[in-house]
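Participant: A predicted structure for the sequence below; I have some questions about it.
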Amino acid sequence: MKTTLVRLPALPEDLVKRMRGAKLTFGNRVHCPFLRPFFLSPEDEERVRTVAEAIADLGERITSTALRDKNLFAQFHLREEEERLARIPTGYGRASTASRLDAFLLPDSLKFAEYNGESPAGAGYAEALAEIFRELPVMDKFRQGYEVHSYPLSAKLLDALVMSYLDWGGSSAKPQIAIVDWEDVPTVGEFEILQQRFEKMGIPTLIADPRQLEWDGKSLVAQDKKIDLVYRRVLINDIVAKPAECSALVKAYAAHAVCVANSFRCKIPHVKAFFAVLTDEQNGALFSHGECELIRRHIPWTRVVADAKTAHYGQPIELLAFIRKERENMVLKPSDEYGGAGVTLGWETDEAAWDAAIELALSSKNGAWIAQERIPVRREVFPYIADGGKVDYRDMLVDFAPYLFRGKLCGFLTRLSATGLANVTSGGGQVPAFRVRATPGH
């Protein structure tokens, strides 16, 4: 690869120019300061597909069960208003039309760090980035020896949204979609990509701030158009924090006047306490023997932080004493944050700071915290466009996150980070993922 880059001195500048032209920026940074994609074998894709789809299915099933079982529901530690929203009848089955799992894929392990069951960003960016890489001259040469497959994420996302709309009872052949989020979020560029692609596929789509929505008692209206289907990107946290600004959306949803995907009940599997529900032996009767084995192999042991007795792989423990003793093997994080906010990695923290993090978790008035065991992470060396267009080689953590649309794997968000946290908001970057197979004779 290094020799190839020496022969392609214009590649960094060409790639950056193409990304800026396609609005692949987060603030002023391009999404992908890296000069190669992530390559995935068909066997690894199948390995990820099997487990990811099983976990998404568990998310749906456990959500339905929790809505009937108060004791199970309590284990998710939702706030009062979140519970009220989650219990509003939706009119259709799926909690999460679109979701994403954060995974670390290694030759001998596949572990998932968390489940974004609410409103995962990045599918439009990932698809556009893959197209830019496919068009690079260096990829033409690569394709002479390999079959290269990329993922049509926007078409699969649109299919999933329309299927949820039909499940909900919608009858329009071309439902009017509104992509709803605040007008100043940094992901507006992705909404524009998706809007353009949805419209190209024949479905009218507009982008609206929640404050632009109007509820007249019969219909939800934005920009003088009746909305049939809301692709909800505004987070439930924001809906709870700004009830007046979001009241039109909530009233139309409660009145069954508009299909909203994801529905508000997606908050149940979205919180990180979901993995505590999956890995706690007290819930073992909810799962088949095969599901228990899948959870044991692929979901890290997780508990809500509390002064409590529990079990660690069958052995009784005092939870707080265990978390203190096992600092080198533990992560602490809020059950309901995103972008890496509040995450403390025990192996990067001294004892005093770790004790302080535990105290913060115990005294938090704003929701539960979880303790989770450390999982093996993947690292690879990637060529990186440094200042002035110079190319460096950097050892990066690879967070490989499958998108699931209506529970089916449809593609990937692949994030790289120099630190222990892999997300764009903490300064990471993104690369496209391609499934590759050597062509016969190579």
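Facilitator: Structure received. Numbers count the residues shown, from 1 in each chain.
Participant: Can you tell me the strand partners of the longest strand belonging to the chain and which way each runs?
Facilitator: Assignment by DSSP state E gives strand 391-405 as the longest strand of the chain. Strand pairing for strand 391-405, using DSSP bridges, gives strand 98-106 (antiparallel), strand 378-385 (antiparallel), strand 408-417 (antiparallel).
Participant: Could you pull out the helices in the stretch 251-400 of the chain for me?
Facilitator: Taking DSSP state H, counting those that start in this stretch, the helices of the stretch 251-400 of the chain run over residues 267-270, 273-279, 289-298, 319-325, 351-363.
Participant: hang on, the earlier thing: how about the longest strand of the chain: buried residues?
Facilitator: Val391, Met396, Leu397, Val398, Asp399, Phe400, Ala401, Pro402, Tyr403, Leu404, Phe405 (16 or more other C-beta atoms under 10 Å). (C-beta placed from N, C-alpha, C; glycine too.)
Participant: Now it: average pLDDT?
Facilitator: Averaging pLDDT along strand 391-405 yields 93.
Participant: swap in stretch 414-434?
Facilitator: 73.
Participant: Point out the most buried one among the helices of the stretch 251-400 of the chain.
Facilitator: Across the helices of the stretch 251-400 of the chain, the average number of neighbours (mean count of other C-beta atoms under 10 Å) peaks for helix 267-270, which reaches a mean of 28.
Participant: Now do that one: which elements does it pack against?
Facilitator: helix 42-68, helix 80-86, strand 109-116 (3 or more C-beta pairs under 8 Å, 6 or more residues apart in numbering; DSSP states H and E).
Participant: Now do that helix: everything it contacts.
Facilitator: 59-60, 62-63, 66-67, 73, 76, 78, 82, 85-86, 95-96, 99, 115-118, 236, 274, 336 (C-beta atoms under 8 Å, 6 or more residues apart in numbering).
Participant: which stretch among the helices of the stretch 251-400 of the chain comes nearest Leu106?
Facilitator: helix 289-298 (11.9 Å; C-beta to C-beta).
Participant: CA atoms only for that closest one - export them in PDB, please.
Facilitator: Listed next in PDB are the C-alpha coordinates belonging to helix 289-298 (Å, rounded to 0.1, in the frame of the first residue of the first chain):
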ATOM      1  CA  HIS A 289     -30.500 -22.000  25.700                       C
ATOM      2  CA  GLY A 290     -29.100 -20.900  22.300                       C
ATOM      3  CA  GLU A 291     -29.800 -17.200  23.000                       C
ATOM      4  CA  CYS A 292     -28.100 -17.500  26.400                       C
ATOM      5  CA  GLU A 293     -25.000 -18.900  24.700                       C
ATOM      6  CA  LEU A 294     -25.100 -16.100  22.100                       C
ATOM      7  CA  ILE A 295     -25.400 -13.400  24.800                       C
ATOM      8  CA  ARG A 296     -22.500 -15.000  26.800                       C
ATOM      9  CA  ARG A 297     -20.200 -15.100  23.700                       C
ATOM     10  CA  HIS A 298     -21.000 -11.700  22.200                       C
END
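Participant: Quick one: mean pLDDT for it?
Facilitator: 96.
Participant: Between helix 42-68 and that helix, find me the angle.
Facilitator: If you take axes from the mean of the first three to the mean of the last three C-alpha atoms, to 10 degrees, helix 289-298 sits at 110 degrees to helix 42-68.
Participant: Helix 289-298: how far from the chain's middle?
Facilitator: Chain-centre distance of helix 289-298: 22 Å, with C-alpha atoms, centre = their mean, to the nearest Å.
Participant: Show me what that helix is packed up against.
Facilitator: helix 42-68, strand 109-116, helix 273-279.
Participant: let's see 7 Å
Facilitator: Under the contact criterion of 3 or more C-beta pairs under 7 Å, 6 or more residues apart in numbering; DSSP states H and E, helix 289-298 touches helix 42-68, strand 109-116.
Participant: bridging residues for the residue nearest to Ile323 when sequence neighbours are not counted?
Facilitator: Spatially, and ignoring its direct neighbours in sequence, Ile323 is nearest to Ala371 (4.9 Å; C-beta to C-beta, 6 or more residues apart in numbering). For Ala371, the beta-bridge partners are Arg303, Leu332 (DSSP bridges).
Participant: gap between Ala371 and Ser364?
Facilitator: 13 Å (C-beta to C-beta, to the nearest Å).
Participant: pLDDT weak spots in the protein?
Facilitator: Low-confidence segments of the chain, defined by pLDDT under 70: 1-9, 27, 339-340, 420-428, 441-442.
Participant: wouldn't Phe73 be in contact with Ser64 here?
Facilitator: No: using C-beta atoms under 7 Å, Phe73 makes no contact with Ser64, being 11.1 Å away.
Participant: Thank you, goodbye.
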